[in-house]
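Trainee: Pasting the sequence and the predicted coordinates here, then a few questions.
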Amino acid sequence: MEIKLFNSLTNQLETFVPLRPGKVSIYVCGPTVYNDPHIGNLRPVVVFDVLRRLFIHESYQVTFVSNFTDVDDKIINRAVAENTDESALAVRYIREFNKVSAAVNSLPPTFSPRVTKYIPEIIRYIEDLVANGAAYVVDGDVFFRVSSISDYGELSKINIDDLISGARVEENAKKESSLDFVLWKKTDIGISWDSRWSRGRPGWHTECCAMINSLFPDGQIDIHGGGFDLKFPHHENEIAQSKAHNGNKIARYWMHNGYITFGEDKMSKSIGNVILAKDAIKKYDGNIVRLVLLGTYYRSPLSFSPDVMDAAAIEYGRIQNAISQLAVVLQLADISLIPFEKPDIEPFLSHLANDLNTPNAITELFAIIKKANGVLRQKPLDYRLIKKLLIEALAMLELLGLKVSYPLLNVEDKELYASYMRLKSDKNFAESDRLRQILMTKHII
RNA sequence: GGUUCCUUAGCCAAGUGGUAAGGCAAUUGACUGCAACUCAAUGAUCGUCGGUUCAACUCCGAUAGGAACCUCCA
């Protein structure tokens, strides 16, 4: 199936064509690990996981990379404040991030590189840039020379002159131009490494370049993803460095997910209106959080509120309930749950393939659920149809990454169910209600 | 100051130049021994004002309101 993606670089919907046939490389900018992740951090985790699942379904061999930024001022400051070291702090929040990612059923990345493990690669990358004139050294700091490349601003669509005139940035006297950004920062505070320029640490923008350059041929990938806020300056600067270093734009397709808002405001650590991922998952459920995150087109802002969560909880319950009933009915009739044919989920897939339109895809899922609930009430049960619907629904849920469970009945369960039905038709309601309670506890009805 | 984007029923949220998906809530029915589950029906002319067009929510312009980026941030 043809997969169309909205490319932020061209601002157009484009048909996906891989760099290498049958393979897809996806790199998603991961978190700076200085704090508990909030639900906004989870949006790219879920969105790009669905993209990955779509590619897997379409028989691509997917390499999925998401990094951890474990060198950063915030980490250093926090480590100092907590009287611990950066590494311990980073490890703690990496673990926390992995935990909530797993809780929303996102597949673990193929690679999860950490900046601290790529220092030699980063230094080498910067050395290359200095060597070819794209970077310059001033007093132990290294800056990227934006004027050395063409079309700076092509991703964020920012006009360089406007950027310079409208800059709120405090001018750094060391830089040749206010557009130039730091690649290596001389420092005597916090974690640092030796380089030929100074003892210091890398700037933020080089890590992704160095990692991608190390992990992929020609330092080029198919899809680079992340939040909208990374477009500028982070991704713009990645493109700039890669142009200077490898002569390419690092990625063919750039995808940016929208923010999660709370009320009208962006949910942000600096505003302090965040809902932590672990709290949302604890209060509701990873599946429900995931359903909320997929209920809105990934490029649109998503408003998060208790109302939205409650609605999703009900929706998820309905999905779960229908799946469970379908599976039980089949088992009571001793029909295998193993698929007899490939599920036909064409409309669902085409919605996903249309730039990951998960809201419309979910609508297809609801259509199946509604149909199933009707079929389950028909008098002579149409087992073939029931099985077909179950298999289709499960295939959709797998692509969305939503987990549902259904009971597996043993002989005892089936006998219990039969007794329940017999007592009920005998109008022995006292006893049938007792069995019903047991069956309900086992989630069989 | 510069740039980009958004505005669809009570809430969430898709969408196409030809008279608006879906979900939650609500109301009314149906099913039912009771309950749970479930099903059906009912609601918006798409911020406002103009323009283009045979036809616009969907294109263009203006206006109001909101948001984001330009500084660490998914």
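Mentor: That came in fine, so what should we check first? None of the values given here were measured: they were computed from a predicted structure.
Trainee: partner residues bridging whichever residue of chain A sits closest to RNA strand B?
Mentor: Residue of chain A nearest RNA strand B, by Cβ to the nearest atom of the strand: residue A:227 (2.0 Å). The C-beta positions use only the backbone N, C-alpha and C, and glycine is treated the same way. Taking DSSP bridges, one obtains residue A:257 as the residues bridged to residue A:227.
Trainee: who's in contact with it?
Mentor: The neighbourhood of residue A:227, defined by Cβ atoms under 8 Å, 6 or more residues apart in numbering, consists of A:29, A:40, A:43, A:44, A:256, A:257, A:258, A:259.
Trainee: repeat that for 10 Å
Mentor: By Cβ atoms under 10 Å, 6 or more residues apart in numbering, the contact list for residue A:227 reads A:28-29, A:40-41, A:43-44, A:47, A:234-235, A:256-260.
Trainee: Wait, residue A:38 touches residue A:281, no?
Mentor: No - counting by Cβ atoms under 10 Å, residue A:38 does not reach residue A:281; the two are 11.4 Å apart.
Trainee: okay, the two: which has more neighbours?
Mentor: Here residue A:38 and residue A:281 are compared on neighbour count by other Cβ atoms under 10 Å; more neighbours surround residue A:38, at 24 against 20.
Trainee: gap between the more buried one and residue A:311?
Mentor: As judged by Cβ to Cβ, to the nearest Å, residue A:38 and residue A:311 stand 21 Å apart.
Trainee: same check, this time on residue A:395
Mentor: With distances taken as Cβ to Cβ, residue A:395 is found 24 Å from residue A:311.
Trainee: Who has more neighbours out of the two?
Mentor: More crowded of residue A:395 and residue A:311, by other Cβ under 10 Å: residue A:395, with 19 against 15.
Trainee: Wasn't that one part of a helix?
Mentor: Yes - assessed with DSSP: H, G, I helix; E, B strand; the rest coil, residue A:395 lies in a helix.
Trainee: Please, where are all the helices along the stretch 101-250 of chain A?
Mentor: Assigned by DSSP state H, counting those that start in this stretch, the stretch 101-250 of chain A shows helices spanning A:119-131, A:160-165, A:206-215, A:236-246.
Trainee: Pull out the buried positions in the longest helix seen in chain A.
Mentor: In terms of residue count, the longest helix belonging to chain A (DSSP state H) is helix A:306-332. Buried residues in helix A:306-332, counted by 16 or more other Cβ atoms under 10 Å: A:309, A:312-313, A:315-316, A:319-332.
Trainee: Same check on stretch A:122-140?
Mentor: A:122-123, A:125-130, A:134-137, A:140.
Trainee: Off-centre distance for that stretch?
Mentor: Relative to its parent chain, stretch A:122-140 has a centroid offset of 33 Å by Cα atoms, centre = their mean, to the nearest Å.
Trainee: Quote the end-to-end distance of that stretch.
Mentor: End-to-end distance for stretch A:122-140, by Cα to Cα, to the nearest Å: 16 Å.
Trainee: so for it, what's the average pLDDT?
Mentor: What stretch A:122-140 shows for mean pLDDT is 95.
Trainee: Please apply the same query to stretch A:7-17.
Mentor: 90.
Trainee: Neighbours of residue A:443, how many?
Mentor: By other Cβ under 10 Å, the residues close to residue A:443 number 13.
Trainee: And it, its phi and psi?
Mentor: Phi and psi for residue A:443, reported as degrees, to the nearest 10, are phi 60, psi 30.
Trainee: ok, now which ones touch it?
Mentor: Taking Cβ under 10 Å, 6+ apart as the test, what residue A:443 contacts is A:320, A:321, A:324, A:328, A:405, A:406, A:407.
Trainee: what's the neighbour count on the fifth one?
Mentor: Look at residue A:405: counted by other Cβ under 10 Å, it has 10 neighbours.
Trainee: low-scoring stretches of the stretch 101-250 of chain A, by residue?
Mentor: The stretch 101-250 of chain A contains residues with pLDDT under 70 at A:162-172.
Trainee: so where do the strands sit in it?
Mentor: A:135-138, A:141-144, A:181-186, A:193-194, A:199-202, A:221-227 (DSSP state E, counting those that start in this stretch).
Trainee: Going along the chain, name the strands of the stretch 251-400 of chain A.
Mentor: A:251-257, A:260-262, A:265-266, A:302-303.
Trainee: what is the mean pLDDT for the third one?
Mentor: Averaging pLDDT along strand A:265-266 yields 64.
Trainee: just to revisit the earlier point, and the buried residues of stretch A:122-140 as TSV, adding distance to residue A:364?
Mentor: Conversion of those to TSV gives the following (distance: Cβ to Cβ, whole Å):
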residue	distance to residue A:364
A:122	45
A:123	50
A:125	45
A:126	49
A:127	52
A:128	49
A:129	48
A:130	53
A:134	48
A:135	50
A:136	55
A:137	57
A:140	58
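Trainee: got a list of what the nearest residue to residue A:134 once chain neighbours are set aside touches?
Mentor: Distances taken as Cβ to Cβ, 6 or more residues apart in numbering put residue A:244 closest to residue A:134, at 3.5 Å, once the chain neighbours are dropped. Residue A:244 is in contact with A:128, A:129, A:132, A:133, A:134, A:135, A:144, A:145, A:146, A:148, A:149, A:209, counting by Cβ under 10 Å, 6+ apart.
Trainee: any idea which of those is closest to residue A:67?
Mentor: Distances from residue A:67 to the contacts of residue A:244, taken as Cβ to Cβ, are shortest for residue A:209 (11.0 Å).
Trainee: Residue A:318 versus the residue nearest to residue A:376 when sequence neighbours are not counted, what's the distance?
Mentor: In space, and not counting its chain neighbours, residue A:376 is closest to residue A:325: 5.6 Å by Cβ to Cβ, 6+ apart. From residue A:325 across to residue A:318, the span is 11 Å (Cβ to Cβ).
Trainee: Need the residues touching each of those two.
Mentor: Shared contacts of residue A:325 and residue A:318 (Cβ under 10 Å, 6+ apart): residue A:373.
Trainee: The helix or strand harbouring residue A:421 to helix A:306-332, inter-axis angle?
Mentor: Element membership for residue A:421 (DSSP states H and E) is helix A:411-425. Angle, helix A:411-425 to helix A:306-332, by axes from the mean of the first three to the mean of the last three Cα atoms, to 10 degrees: 100 degrees.
Trainee: pLDDT averaged over helix A:411-425 - what is it?
Mentor: 91.
Trainee: hmm, the next helix or strand along the chain from that helix touching RNA strand B?
Mentor: The element immediately downstream of helix A:411-425 (helix or strand, assigned by DSSP H and E) is helix A:429-441. Yes - using Cβ under 7 Å from any atom of the strand, a contact is recorded between helix A:429-441 and RNA strand B, made by A:429, A:432, A:433, A:436.
Trainee: Next up, the contacts around the closest residue to the second one other than its chain neighbours.
Mentor: The spatially closest residue to residue A:432, leaving aside those adjacent along the chain, is residue A:423, at 3.8 Å (Cβ to Cβ, 6+ apart). Shown here is residue A:423, whose contacts under the criterion Cβ under 10 Å, 6+ apart are A:429, A:430, A:431, A:432, A:433, A:434, A:435, A:436.
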